[in-house]
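Trainee: dropping the sequence and predicted coords here.
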Amino acid sequence: MKRNFRFYFALFFAKCTALVLKLIGRKGTSMPGSWAIILCPDFLGRMPLPKEVVLVAGTNGKTTVANLIEDILTANGVDYLCNRGGANVNTGLASTLIAGSTFFGRPKHDLAIFEFDERSAPLILPYIKPSTFLCTNLCRDALDRNANVDFIVKLINENLWQGAKLVVNGDDLIASHLAPGSQRVCFGISQLPRDSGSRPNLVRDIVCCPECDTPLSYDFLRYNHIGRAHCPQCGWGTHPIAYDCTAVDMDAMEFTLRTPHGEEAYRLPGANITDLYNTVTAVAFLRDRGLSYQQVAGALQGAQLARSRYDVEKVGDKEVIFCLAKGQSPIASSRVFDFITRQGGRAAIILLNYDSHDQAHSSENIGWLYEVDYEFLRNDCVKQLIPTGNRCYDYQVRALLAGMEPSRVHAAPQPEEAAALVDLDNVDKVYILHAVFTVPDARRARDELVKRINGKEAC
Ligand SMILES: [Zn+2]
């Protein structure tokens with residue numbers, strides 16, 4: 001698209017807005033971009049782009065993967081532009097492009113790594129033609145916003161240009177079959193010994209072959225619809241996996257990756273299966289893009305997963321664990337429940353994965369609670385489940401319907417009350433499971449809990 005007077009007016013106005021916000025010390029991540037798009041609705045199509053644009057999409061893990069890719073690039077001295085603040089919709093991308101451009105809008109960087117909101121596909125993809133489209137996974141999430149996963153697939157397929165190279169999770173039959181006809185590289189994790197104890201989930205987003213409706217035959221099913229499968233009727237199924245994790249050593253925190261370049265060993269920066277997926281995703285993308293094994297493996301030695309997503313703190317003789325369990329996301333929450341019960345020990349869980357952002361928009365949909373595997377918590381290591389927030393009693397009912405013992409489930413509307421209910425004599429660790437928008441409430445619960453533990457130690 002040509003750059004006209006309207007575009008330049010929008011660009012200068014947005015740059016002035018960004019400058020004013022900076023002068024008054026406000027972080028307006030998407031405000032300059034919002035103004036640019038209000039003044040010039042096809043602004044993104046007219047804005048000059050870096051030579052190479054990588055979009056990182058996916059229901060779960062895209063922030064972690066984008067951050068990991070950026071950290072490894074930084075460690076190797078590669079210059080890039082990114083929307084690390086998390087502004088991943090059209091206005092956020094516009095703001096990032098404006099901030100990363102010269103006075104007349106020329107890009108200051110040759111490479112952009114953008115976290116990408118799939119629901120915004122019709123507002124972004126007609127204008128931004130990525131060289132690489134990376135997708136971690138696609139599953140049901142935020143029902144009131146995203147409707148059905150098939151709807152999200154349709155939005156991407158209708159708007160993504162054919163020239164994009166896809167780097168996709170081959171173990172996800174939905175994500176790996178995006179944009180049929182486009183070039184793709186798949187990564188995945190082979191069946192591991194830990195998969196033998198996999199527990200059935202309540203939801204699976206793909207059950208039958210989309211070509212002929214025959215029920216899929218799974219070679220193995222890791223969780224929800226993640227696994228490897230084929231259609232016994234027409235052969236549709238898992239693509240060849242170019243970057244395949246074939247072994248994991250949890251003691252050494254290392255994994256083995258079979259790649260087109262041979263077998264490679266990498267450090268694993270987290271113990272959860274989702275940490276492994278996120279790391280394999282970043283490594284597959286970077287190796288495919290041309291970074292050497294030494295460059296990726298070396299940088300991964302020092303890489304850390306974002307502390308806000310998983311953080312263990314030792315307080316007295318207890319562990320206080322801050323962990324993200326996204327609200328309205330059945331698969332993400334179920335993964336965390338599964339992880340906690342695999343860790344064992346004596347645990348209390350303060351549950352804050354309600355979505356206060358949604359409450360502001362009067363969402364009344366609690367259907368997703370019944371798609372989360374609360375049944376996993378019916379495990380002796382979970383000594384207490386303490387849901388908090390306005391909807392704590394809905395969560396309590398859900399846990400009781402899953403068969404948890406009533407004496408282990410306590411609802412508490414305020415975070416401090418939840419912290420006060422933790423039976424410190426009976427647990428060794430306390431998980432504080434929060435959503436993206438409930439971190440301030442989670443901190444209130446944590447502070448109260450730390451105060452109680454320290455007070456008890458002092459006595
Ligand atoms: Zn079929």
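Mentor: Nice, I can see it.
Trainee: you'd agree I386 is in a strand?
Mentor: Yes - assessed with DSSP: H, G, I helix; E, B strand; the rest coil, I386 lies in a strand.
Trainee: leaving out the residues flanking it, which one is nearest to Q396?
Mentor: Of all residues not flanking Q396 in the chain, A411 sits nearest, at 4.2 Å (CB to CB, 6 or more residues apart in numbering). Where C-beta positions appear, they are placed from N, C-alpha and C, glycine not excepted.
Trainee: for the one you found, grab phi and psi.
Mentor: Dihedral pair for A411: phi -100, psi 140, per degrees, to the nearest 10.
Trainee: tell me the residues of the stretch 1-150 of the chain that contact the ion?
Mentor: Contacts of the stretch 1-150 of the chain with the ion, taken as CB under 5 Å from the ion, are absent.
Trainee: can you give me the strands for the stretch 1-150 of the chain?
Mentor: For the stretch 1-150 of the chain, applying DSSP state E, counting those that start in this stretch gives strands covering 52-57, 81-82, 111-115, 132-135.
Trainee: mean neighbour count and mean pLDDT added to those, as TSV?
Mentor: Output for the strands of the stretch 1-150 of the chain, formatted as TSV (neighbours: other CB atoms under 10 Å; pLDDT from 0 to 100):
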stretch	mean neighbour count	mean pLDDT
strand 52-57	25	97
strand 81-82	21	96
strand 111-115	24	97
strand 132-135	26	98
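Trainee: rebuild these as JSON lines, extending it with distance to W35.
Mentor: Below are the strands of the stretch 1-150 of the chain laid out as JSON lines (distance: least, CB to CB, whole Å):
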{"stretch": "strand 52-57", "distance to W35": "22"}
{"stretch": "strand 81-82", "distance to W35": "20"}
{"stretch": "strand 111-115", "distance to W35": "20"}
{"stretch": "strand 132-135", "distance to W35": "28"}
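Trainee: what sits closest to whatever residue of the stretch 301-450 of the chain ends up closest to the ion if chain neighbours are left out?
Mentor: Residue of the stretch 301-450 of the chain nearest the ion, by CB to the ion: I331 (24.3 Å). Of all residues not flanking I331 in the chain, C139 sits nearest, at 4.7 Å (CB to CB, 6+ apart).
Trainee: and the residue nearest the centre of the chain, what are its phi and psi?
Mentor: Closest residue to the average C-alpha location of the chain: G61 at 2.5 Å, with CA atoms, centre = their mean. Per-residue torsions, G61: phi 100, psi -10 (degrees, to the nearest 10).
Trainee: confidence score at the residue nearest to Q396?
Mentor: What the model reports as pLDDT for A411 is 96.
Trainee: then the one 10 residues further on?
Mentor: L421 is assigned 97 on the pLDDT scale.
Trainee: verify the stated contact: it with V409.
Mentor: No - the criterion here is CB atoms under 8 Å, and L421 misses it with V409 at 10.5 Å.
Trainee: which neighbours do those two share?
Mentor: Counting by CB atoms under 8 Å, 6 or more residues apart in numbering, the contacts common to L421 and V409 are 384, 386.
Trainee: the more surrounded of those two?
Mentor: For the pair L421 and V409, the greater number of neighbours falls to V409 (22 against 15), based on other CB atoms under 10 Å.
Trainee: that one pairs with what?
Mentor: V409 has these beta-bridge partners by DSSP bridges: L385.
Trainee: list the contacts for it?
Mentor: Shown in contact with V409 (CB under 8 Å, 6+ apart): 384-387, 396, 399-400.
Trainee: pull out the buried members of those residues.
Mentor: Buried members of those, counted by 16 or more other CB atoms under 10 Å: 384-387, 396, 399.
Trainee: for these, work out which two are farthest apart.
Mentor: Spanning the widest gap among the buried ones among the contacts of V409 are Q384 and Q396, at 12.0 Å by CB to CB.
Trainee: pull up the overlap in contacts between the two.
Mentor: Common contact partners of Q384 and Q396 (CB under 8 Å, 6+ apart): 409-410.
Trainee: may I have stretch 116-135 exported as CSV, CA atoms only?
Mentor: The C-alpha atoms that make up stretch 116-135 are tabulated as CSV, following Å, rounded to 0.1, in the frame of the first residue of the first chain:
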residue,chain,number,x,y,z
PHE,A,116,0.4,-12.5,17.9
ASP,A,117,-3.2,-12.7,19.1
GLU,A,118,-5.0,-15.3,17.0
ARG,A,119,-8.4,-13.7,17.4
SER,A,120,-7.0,-10.5,15.8
ALA,A,121,-6.0,-12.4,12.6
PRO,A,122,-8.5,-10.5,10.4
LEU,A,123,-7.1,-7.1,11.7
ILE,A,124,-3.4,-8.0,11.3
LEU,A,125,-2.8,-10.7,8.7
PRO,A,126,-4.3,-8.8,5.7
TYR,A,127,-1.6,-6.1,6.3
ILE,A,128,1.3,-7.9,7.8
LYS,A,129,2.7,-10.8,5.7
PRO,A,130,5.0,-12.7,8.0
SER,A,131,8.0,-14.6,6.7
THR,A,132,7.5,-17.2,9.4
PHE,A,133,4.3,-18.0,11.3
LEU,A,134,5.1,-20.0,14.4
CYS,A,135,2.3,-21.8,16.3
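Trainee: can you pull the buried residues of stretch 294-301?
Mentor: Going by neighbour count (16+ other CB under 10 Å), the buried part of stretch 294-301 is 295-297, 299-300.
Trainee: secondary structure, pLDDT and distance to V20 added to these, as a markdown table?
Mentor: Formatted as a markdown table, the buried residues of stretch 294-301 follow (DSSP: H, G, I helix; E, B strand; the rest coil; pLDDT from 0 to 100; distance: CB to CB, whole Å):
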| residue | secondary structure | pLDDT | distance to V20 |
| --- | --- | --- | --- |
| Q295 | helix | 97 | 40 |
| V296 | helix | 97 | 41 |
| A297 | helix | 97 | 44 |
| A299 | helix | 96 | 37 |
| L300 | helix | 95 | 40 |
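Trainee: so which of those residues is the closest to I453?
Mentor: Set against I453, the nearest of the buried residues of stretch 294-301 by CB to CB is L300 (34.2 Å).
Trainee: surely the closest one meets G270?
Mentor: No - the criterion here is CB under 8 Å, and L300 misses it with G270 at 11.7 Å.
Trainee: need the residues touching each of these two.
Mentor: Shared contacts of L300 and G270, defined by CB under 8 Å, 6+ apart, are found at T279.
Trainee: now do the contacts for H261.
Mentor: 287, 293.
Trainee: now with 10 Å, please.
Mentor: H261 is in contact with 243, 287, 292-293, counting by CB atoms under 10 Å, 6 or more residues apart in numbering.
Trainee: okay, and which of the residues you listed map to strands?
Mentor: Those of the contacts of H261 mapping onto strands are Y243, per DSSP state E.
Trainee: wait, which of the contacts of H261 is closest to E319?
Mentor: The nearest member of the contacts of H261 to E319, counting by CB to CB, is Y243 at 33.7 Å.
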